[in-house]
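>>> would you be able to build a 3D model of this:
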Amino acid sequence: MPGDPTPAFIAPAAGPAAVVTAVPVPPAPLPPWAAQLVLLYESTAASQFIVHGNVEDRLLLPAADCAAPVSLTDFFLQALMPRFDVVLSYDLGNGTRVEKGGELFAKWPGFAESQDLMKAPRPAVETLTRYFRYCANLARLGKPALHVGCFVKSAHLVVPAEGNVGSYELNALALLIRDWGTDELLTRYPLATFLITERLNDLHPLLVNNSRAPAVKVPLPTAQDLERALHLLAPRCTVALSGLNGNFADTAHELAGASLAAVESLLKVKEHRREPLAAADLVSLKKQIVETEANGLIEFVQSPQTLDSLYGQDKLKELLRQDIALWRRNEVKALPKGYLLCGPVGTGKTFLAECLAGEAGVPVVKLQNFRDKWVGTTEGNLEKIFRLLRALGRCFVFIDEADQTLGKRDSGSNDSGLSGRVYSMIAQEMSDSDSRGRVIWILASSRPDLIEVDLKRPGRIDVKIPLFPTVTADEGFHLIRALCRRYGLEIEESGLASLSSLVPTLLTPASAETIAFKVYRAVKTETTTPLAALEQQLRRYQNPVSKEVMDFQLRLAVDEATDLDLVPAAFRSLRSG
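Below is the predicted model of the structure:
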């Protein structure tokens with residue numbers, strides 16, 4: 001490091017004294033993100049870092065005698081910066097604070113006059129800059145160089161992305177902070193600055209786009225991190241963890257996708273109530289934790305359905321069960337990155353996604369309304385969603401109405417380019433080769449022609465599955481019969497002979513479900529048999545989708561299919577060309 005041949009970033013030999021004697025846990029290496037940061041700093045490649053991602057979580061110190069997870073600031077101070085002389089921090093609420101080395105900071109000649117300037121952003125940043133320059137000038141004069149660090153916490157509130165255009169004050173503040181990592185006077189002496197924000201898109205572009213300030217992402221904890229945390233917390237959560245019989249590895253795997261802070265909070269509540277955490281509770285607890293941390297951006301669905309719940313579609317069920325068998329054997333190279341479910345409205349695209357997830361035994365993550373009217377917030381929401389998906393382990397990501405949700409490559413000027421940015425972020429995430437076998441995307445649309453071609457290409461969507469309505473009266477009757485059985489109604493097989501002429505062609509599962517519901521209602525409110533009620537409803541039935549729309553959407557589904565075997569013979573003539 002400039003000014004001092006001894007590295008300043010180095011893990012201490014031991015952590016703080018433990019309050020409670022923890023179960024012995026072997027020391028762990030620095031997490032990859034921290035090791036990357038150390039490498040960049042010690043090689044003098046960078047001295048300013050944008051630390052983003054899971055920054056509000058608790059983290060595990062690498063020391064063997066770590067007593068419990070700690071905050072990000074404490075992780076830096078104890079694991080990375082034990083040899084730093086002065087460490088300062090700034091945030092809007094507290095102003096400037098001395099995290100370490102208060103005696104040395106008080107020796108600065110400008111210390112007394114700076115006390116009234118350390119609260120508001122502009123004066124505080126200017127004062128910090130003066131102190132950094134003072135230390136750098138001392139080092140230039142041959143004085144012992146002080147290792148100085150500074151955290152700007154919640155940096156997106158200090159220098160936000162929103163409203164930066166034309167704002168002299170905000171742009172000037174961003175330039176001052178940017179200088180900490182680019183000014184040659186400051187980069188030649190041991191100064192490390194950290195801009196901490198959850199989402200990159202919330203931070204001022206002058207800082208985000210600074211090539212000399214690398215962005216370092218803190219991920220959600222892995223299953224191994226969670227297992228280690230459970231061991232550390234075991235001595236103080238004896239009752240809460242007693243129901244697991246020491247099987248922390250499986251528990252950690254089930255909780256993957258949750259933050260350490262959420263797991264720690266859960267255990268403390270359980271311990272206070274003297275309630276053991278049962279293995280059977282883990283699925284519902286994980287759903288609760290993940291949805292809470294996602295702030296409504298995703299819905300976490302554990303599907304009770306399996307492919308057995310899907311009427312007919314034997315060829316399709318065979319194909320999907322082959323994929324699930326490969327997934328369970330971890331044959332990830334043979335797995336598709338994603339599926340496109342296409343077909344006319346009401347053909348059961350959402351239901352198929354739930355059946356597929358239930359068969360595989362993994363959760364379905366549904367993207368909720370992540371779009372926001374504020375500049376940068378939509379992109380920030382997507383950042384958070386992607387971080388959760390990477391941490392969940394195996395899951396399906398279901399995007400309904402994909403033609404509306406995924407954005408367009410060229411959206412024009414109607415939305416200030418937001419749709420194009422959404423498209424770009426989702427396309428990049430879908431094509432990430434590291435996610436093959438962990439995250440499978442399921443897109444559903446009755447208008448697949450409106451989805452950008454690049455999003456449907458192999459490597460993002462490898463299998464396109466068309467779904468169709470019934471073709472014959474026999475198929476339609478048996479579909480209605482199967483759905484009536486779910487209501488506890490039995491329609492006699494012999495009823496087909498008398499009702500054949502009434503059963504509509506091109507009957508979708510959604511329409512058949514409505515007929516079954518009306519039959520059930522009639523049986524419960526009128527003196528009639530299920531067969532008579534069905535005849536009554538069939539006579540009243542009117543197709544909710546016009547023939548022109550149905551034919552158009554059928555042609556689209558046939559053209560999109562990757563396997564012609566999935567297209568019934570009756571529809572193959574609709575194929576273009």
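>>> any buried residues in the host helix or strand of Pro123, and which?
Per DSSP states H and E: Pro123 is located in helix 121-140. Residues of helix 121-140 classed as buried: 121, 124-125, 127-129, 131-133, 135-136, 138-139 (neighbour count, 16 or more other CB atoms under 10 Å). In short, each C-beta sits where N, CA and C put it, glycine included.
>>> between those residues, which is nearest Gly420?
Nearest to Gly420 among the buried residues of helix 121-140 is Pro121, at 32.1 Å by CB to CB.
>>> can you pull the pLDDT of the closest one?
Per-residue pLDDT puts Pro121 at 92.
>>> over to Val283?
68.
>>> let me see the domain layout of this protein.
With domains defined by automatic domain parsing, the chain comprises 32-218, 223-289, 301-461, 473-540.
>>> off-centre distance for the shortest one?
Domain 223-289 has its C-alpha centroid displaced from the chain centroid by 21 Å (CA atoms, centre = their mean, to the nearest Å).
>>> endpoints of it, how far apart?
One end of domain 223-289 sits 15 Å from the other (CA to CA, to the nearest Å).
>>> hang on, Cys355 packs against Val301?
No: between Cys355 and Val301 there is no contact under CB atoms under 8 Å: 11.9 Å.
>>> looking at the two, which one has more neighbours?
With other CB atoms under 10 Å as the criterion, Cys355 and Val301 differ in neighbour count, and Cys355 comes out ahead with 22 against 17.
>>> which helix or which strand is home to that one?
Counting by DSSP H and E, Cys355 is found in helix 349-360.
>>> relative to Ser573, which of the domains of the chain is closest?
Closest among the domains of the chain, once you apply CB to CB, is domain 473-540, at 14.6 Å.
>>> what about that closest one, average pLDDT?
Domain 473-540 comes out at a mean pLDDT of 92.
>>> do stretch 176-194 as well
93.
>>> can you check stretch 75-94 too?
93.
>>> first-to-last residue distance for that stretch?
Note: stretch 75-94 ends 20 Å apart using CA to CA.
>>> buried set for that stretch?
75-81, 84-91.
>>> for it, the distance to its chain's centre please.
For stretch 75-94 - counting by CA atoms, centre = their mean - the centre lies 29 Å from the chain centre.
>>> now do the lowest-mean-pLDDT helix or strand in the chain: everything it contacts.
Sorting the helices and strands of the chain by mean pLDDT, DSSP states H and E puts helix 282-293 at the bottom, at a mean of 71. By CB atoms under 8 Å, 6 or more residues apart in numbering, the surrounding residues in contact with helix 282-293 are 251, 254-255, 257-259, 262-263, 266, 277, 298-300, 302, 363, 388, 392.
>>> following the chain onward from it, which element is next?
As assigned by DSSP H and E, the chain's next helix or strand after helix 282-293 is strand 298-301.
>>> just checking, what packs against the next helix or strand along the chain from that next one?
The helix or strand immediately downstream of strand 298-301 is helix 314-328, counting by DSSP H and E. Helix 314-328 sits against helix 349-360, with contacts defined as 3 or more CB pairs under 8 Å, 6 or more residues apart in numbering; DSSP states H and E.
>>> what's the helix it packs on packed up against?
helix 314-328, strand 338-342, strand 364-367, strand 395-399, strand 439-445.
>>> where among the ones you listed is the average confidence lowest?
strand 364-367 (a mean of 83).
>>> find out how far the very next helix or strand once past that one is from the centre of the chain, if you would.
Downstream of strand 364-367, the next assigned helix or strand under DSSP H and E is helix 377-392. Centroid separation between helix 377-392 and its chain, computed with CA atoms, centre = their mean, is 4 Å.
>>> could you check the angle strand 395-399 makes with helix 377-392?
Orientation note: helix 377-392 sits at an angle of 150 degrees relative to strand 395-399 (axes from the mean of the first three to the mean of the last three CA atoms, to 10 degrees).
>>> give the residue spans of the protein that score low on pLDDT.
Regions of the chain meeting the criterion pLDDT under 70 cover residues 1-27, 64-65, 162-166, 279-281, 283-284, 293, 373-376, 411-416, 577.
>>> gap between the nearest residue to Ala34 once chain neighbours are set aside and Glu42?
Using CB to CB, 6 or more residues apart in numbering and skipping residues adjacent in sequence, the residue nearest Ala34 is Leu80, 6.4 Å away. Leu80 is 11 Å from Glu42, where distance means CB to CB, to the nearest Å.
>>> before we move on, what about Leu574?
Taking CB to CB, one finds Leu574 at 64 Å from Glu42.
>>> go on, Val152?
Using CB to CB, Val152 is found at 22 Å from Glu42.
>>> of the two, who's got more company?
Val152 (30 against 13).
>>> for that one, which residues are in contact?
The contact partners of Val152, by CB under 8 Å, 6+ apart, come to 89-91, 158, 177, 193-196.
>>> and it, how far is that from Thr197?
Applying CB to CB to Val152 and Thr197 gives a distance of 9 Å.
>>> and Gly296, how many neighbours?
Gly296: 11 neighbours (other CB under 10 Å).
>>> that one touches Gln368, doesn't it?
Yes: contact criterion CB under 8 Å: Gly296 and Gln368 qualify, at 5.9 Å.
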